[in-house]
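*Asks:* All I have is the shape, not the residue letters:
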């Protein structure tokens, strides 16, 4: 697994990041994840490392009992503005919830930034109910339209400037998840900011970006092992 580390003082860096415009995804991405997990109204969802809180807001609008957690105070304030009373400022390494608390847990593009990834996975597995589902997205070392392109041009992997970044192969991520309490039941590929549009706002975004639209339409044809990100659907290990 490839690791890029700039500093161990991650919290103030993420506070600064969330004061800007970086780290964003389309609403359609979060709606797609909810569909994959088949989260029904009334079920309890925890979004670990919720960032700006889009997942929580969109889930609440569908009648899901959603909660988000982040260690960045700035991110928590932004997310709380979307969903008051549903955001917890805490560390993903020690989730402040009892065992078997949630029907679904999501961690989208954040596991690779945790200081102790194994502990983060164990905590997500711990708070899942025995019948629960988890969705975790992580970056691929060999993403064709990401790291492979960057390596072709520069001879190196992409460095997005975050305090700690890791890239792994599908097998490496599966081993991490399955060694720490989760069982992988399905793996899909995803290209960053290329979700199939599920809102009119996202349709308009694609309308004015023909190259992005073409890549979005072609991305389902890409082999999973060459996708930019892996989408792991998991259940707790018995």
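*Replies:* On my side now, so go ahead. Everything numeric in this text was worked out from a predicted model, so none of it was measured. Residues are numbered from 1 along each chain as shown.
*Asks:* And the helices in the protein, which stretches?
*Replies:* Per DSSP state H, the chain carries helices over the ranges 10-19, 27-37, 54-61, 73-82, 117-127, 149-154, 170-178, 200-207, 210-218.
*Asks:* of all these, which lies closest to residue 192?
*Replies:* Set against residue 192 and scored by Cβ to Cβ, the helices of the chain come closest in helix 27-37, at 8.9 Å. For the C-beta atoms, the positions are set from N, CA and C on the backbone; glycine is no exception.
*Asks:* For that closest one, which outside residues touch it?
*Replies:* Contact with helix 27-37 is made by 54-55, 58-59, 62, 64, 104, 106, 108, 133, 135, 137, 188, 190, 193, 195-199, 201-202, 231, 233, as judged by Cβ atoms under 8 Å, 6 or more residues apart in numbering.
*Asks:* same deal with stretch 107-123?
*Replies:* Contacting residues not belonging to stretch 107-123 are listed as 8, 10, 25, 29-30, 33, 47-49, 51, 55, 92-95, 124, 134-139, 162-168, 176-177, 179-182, 229 [Cβ under 8 Å, 6+ apart].
*Asks:* swap the cut-off to 7 Å and go again
*Replies:* Contacts of stretch 107-123 with the rest of the structure, by Cβ atoms under 7 Å, 6 or more residues apart in numbering, involve 33, 48-49, 92-95, 124, 136-139, 162, 164-166, 176-177, 180-182.
*Asks:* among those residues, which ones are buried?
*Replies:* Judged by neighbour count, with 16 or more other Cβ atoms under 10 Å as the criterion, the buried members of the contacts of stretch 107-123 are 33, 48-49, 92, 95, 124, 136-139, 162, 164-166, 176-177, 180-182.
*Asks:* Residue 138: what's it in contact with?
*Replies:* By Cβ under 7 Å, 6+ apart, the contact list for residue 138 reads 111, 112, 168, 173, 229, 230.
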